[in-house]
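# I would like the atomic coordinates for the input below:
(2 chains)
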2 protein chains.
Amino acid sequence: MMDELDKAWLEICGRRSEELTPALQSVEAFCSAFPTKQKCVLITSGGTRVPLERNAVRYIQNFSTGMRGARSAEQFLQLGYAVIFLHSKHSALPWQWNFHLDSLTDLEDHAGPGRTDKEIREEADKRLELGTEVGTFHSAISSINRFRSHTCKVEYQDLDEYLFFLRKIPEMMDKSFTVPLLYLAAAVSDFHIPWEELLEHKIQSSDGGLNLHLKPVPKFLRCLRAWTPKALIVGFKLETDEDSLRQKAQKSMEKYDLDAVVANELGTRYAKVLLMRRQGFKTLEILDKNLEKIPTECLEEQIVGEVNVLLTEKVLTTTQSETTVH
Amino acid sequence: MMDELDKAWLEICGRRSEELTPALQSVEAFCSAFPTKQKCVLITSGGTRVPLERNAVRYIQNFSTGMRGARSAEQFLQLGYAVIFLHSKHSALPWQWNFHLDSLTDLEDHAGPGRTDKEIREEADKRLELGTEVGTFHSAISSINRFRSHTCKVEYQDLDEYLFFLRKIPEMMDKSFTVPLLYLAAAVSDFHIPWEELLEHKIQSSDGGLNLHLKPVPKFLRCLRAWTPKALIVGFKLETDEDSLRQKAQKSMEKYDLDAVVANELGTRYAKVLLMRRQGFKTLEILDKNLEKIPTECLEEQIVGEVNVLLTEKVLTTTQSETTVH
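Residues are numbered from 1 along each chain as shown, chains lettered A, B, ... in the order given. As a prediction, the model looks like this:
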């Protein structure tokens, strides 16, 4: 099983190895800057895409804003973690997620017509100094600066890039840290067209339409325990139906040998999640039930808090057993 | 033919009408602020996406950075045009395209570790004041402000939203202006799954894969002449093979009754295009042949310059024939 998955991994990612290795070197340098006991988390965030042709203009994209990952990263950083943030292009970044163009547009509206450049700049400065809103430009810059030494960002876009890093980074972390933490919030494609089939994949049908045959992406989640035996692994499960959520999370935890699963329903995901652990499940939710907007109250604070407890326990168990052996 | 296309348009877009109409009202207010003789262009930019399920997480995305559209908009604005900029989410915006997050990241790098917030802010101010690079934050804000009254941005994401605006905005422009200009730079999906088929579109195949059947999107480009009889219409053709480019552009111009077609090849598109017009074709290219980066020399200046000549001629012909009739 593992051999087959290893082979499948190489078929999908091997082609990209040379090009992606430099990014790994910066991860290696990042890891080596910390002691073995440093708490270090790999957060995967955003969505993957798969090309539908070799000279690709068309892709199937798994949509994800990356808000969960970005806000979780902020929480981990505040708890003192070293954070490797593996994110898709255009997805949210820690401290920066409310500046996706909007900062400029906002400033644009605020500056008003007919003002001089000097007036606009003064207005911008004044707003930065007020700093009353959470996540203004000023406080974002300040947080980025504060946590710079503990943050390592790696960008991916296509599935093969994501899968390359999903193996290589945990392997590296396993060498560097007592108990590495994998926090897998990214929305990963279930189906793809293998590279060798990409040239002839488009079949024109009789009505002038297009038939696409996509193959299932092998379940590499199953490999993570082998790639990083010492890790605490937290998976994510997103469903559109709340009823079966608990059973599915439970099943996923067992099947892939995960330490915990964060299960959420599409419509309520920023207000409520189930945290499934080996010792049973726990509901985490916030008070602000207005689902129209992303709440300022931060559900990720609770999720990350719980995960941190799990990690602390596992570190304790690991070091105790090491002490016993020696 | 037209009746069929009208029906197809309604099937695809009708569902979204109520939700999208408010955006149209702002376009209407924008148009009515100008005299009939005002030069006004609709620029479509970016790529469309089509959902693969109703409760959609997966989409087929036509990728486009929107650089062509954004840079063309800047040129039209500088020539005094009123610009309706119909763009996809995350695609480039006029004056803002080099601030897609990069401004913040750049500032982040520049601020350096260990500096105080005050020092970071002073550094930012200093860089804004230097203003030596094209498109710094400062000059972008200044340009946005300068052209605010002549810019109307409308955002789309899915194909149905795009097609709704592609009809409604030109119809509105046709009432408001002597010769409206349509400049169709967006990368539009060729295939989609109709809404009524979305529930049952996924067929699990014997190997656990997925079979998707996509239908061709009707060629609404054919309708534009009927929707906006007075317009000058400029289409775009992107090919990966340069050899057949001229023939294809010519064919496209005739088939859809376009006034001009900008034809470009994927690899060289920022350095060279063919402009196909009724009176023959013309090659436009820039001197900087470094294709690794987006050149500072602006090919869009040439394209928009040529299109402006065509529009000026058509306005002249139109007003002369009107004078003759009266």
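# use CA for all of it now, contacts and neighbours both
OK.
# Give me the nearest residue to A:K272, chain neighbours excluded.
With sequence-adjacent residues excluded and distances taken as Cα to Cα, 6 or more residues apart in numbering or on different chains, A:K272 is closest to A:E285, at 4.2 Å.
# surely that neighbour meets A:V273?
Yes: with contact defined as Cα atoms under 8 Å, A:E285 and A:V273 form a contacting pair (6.4 Å).
# Which of those two has more residues huddled nearby?
Just comparing A:E285 and A:V273: by other Cα atoms under 10 Å in any protein chain shown the higher neighbour count belongs to A:V273, 25 against 19.
# Just after the stretch of helix or strand the more buried one belongs to, pick out the following helix or strand.
Using DSSP states H and E, A:V273 falls within strand A:272-277. Downstream of strand A:272-277, the first helix or strand assigned by DSSP H and E is strand A:280-285.
# Okay, buried residues for stretch A:8-24 please.
Judged by neighbour count (16 or more other Cα atoms under 10 Å in any protein chain shown), stretch A:8-24 contains these buried residues: A:A8, A:W9, A:L10, A:I12, A:C13, A:L24.
# how about the residues you listed in a markdown table, adding secondary structure, pLDDT and distance to A:T312?
Compiled in a markdown table, these are given as follows (DSSP: H, G, I helix; E, B strand; the rest coil; pLDDT from 0 to 100; distance: Cα to Cα, whole Å):
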| residue | secondary structure | pLDDT | distance to A:T312 |
| --- | --- | --- | --- |
| A:A8 | helix | 94 | 34 |
| A:W9 | helix | 95 | 32 |
| A:L10 | helix | 94 | 34 |
| A:I12 | helix | 94 | 35 |
| A:C13 | helix | 93 | 34 |
| A:L24 | helix | 94 | 27 |
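# circling back to that earlier point, show me what the strand holding A:V273 is in contact with.
With contact meaning Cα atoms under 8 Å, 6 or more residues apart in numbering or on different chains, strand A:272-277 is reached by A:246, A:249-250, A:253, A:259-265, A:281-286, A:299, A:303.
# Show the contacting residues for A:A92.
So A:A92 contacts A:G46, A:T65, A:G66, A:M67, A:G69, A:A70, A:H100 (Cα under 8 Å, 6+ apart).
# would you say it is within a strand?
No: the assignment for A:A92, made by DSSP: H, G, I helix; E, B strand; the rest coil, is coil rather than a strand.
# Could you check the pLDDT of it?
A:A92 is assigned 88 on the pLDDT scale.
# gap between it and A:S189?
19 Å (Cα to Cα, to the nearest Å).
# what does A:K272 give?
Separation of A:K272 from A:S189 (Cα to Cα): 24 Å.
# do A:V304 as well
A:V304 sits 25 Å away from A:S189, going by Cα to Cα.
# who in the stretch 151-300 of chain A is up against chain B?
A:F191, A:D207, A:G208, A:G209, A:L210, A:N211, A:L212, A:H213, A:L214, A:K215, A:P216, A:T240 (Cα under 8 Å from any Cα of the partner chain).
# Next, format those residues as JSON lines and append pLDDT and neighbour count.
Shown next, in JSON lines, are those (pLDDT from 0 to 100; neighbours: other Cα atoms under 10 Å in any protein chain shown):
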{"residue": "A:F191", "pLDDT": "93", "neighbour count": "19"}
{"residue": "A:D207", "pLDDT": "74", "neighbour count": "9"}
{"residue": "A:G208", "pLDDT": "84", "neighbour count": "13"}
{"residue": "A:G209", "pLDDT": "88", "neighbour count": "19"}
{"residue": "A:L210", "pLDDT": "87", "neighbour count": "20"}
{"residue": "A:N211", "pLDDT": "87", "neighbour count": "16"}
{"residue": "A:L212", "pLDDT": "88", "neighbour count": "17"}
{"residue": "A:H213", "pLDDT": "88", "neighbour count": "21"}
{"residue": "A:L214", "pLDDT": "91", "neighbour count": "22"}
{"residue": "A:K215", "pLDDT": "93", "neighbour count": "18"}
{"residue": "A:P216", "pLDDT": "94", "neighbour count": "16"}
{"residue": "A:T240", "pLDDT": "73", "neighbour count": "14"}
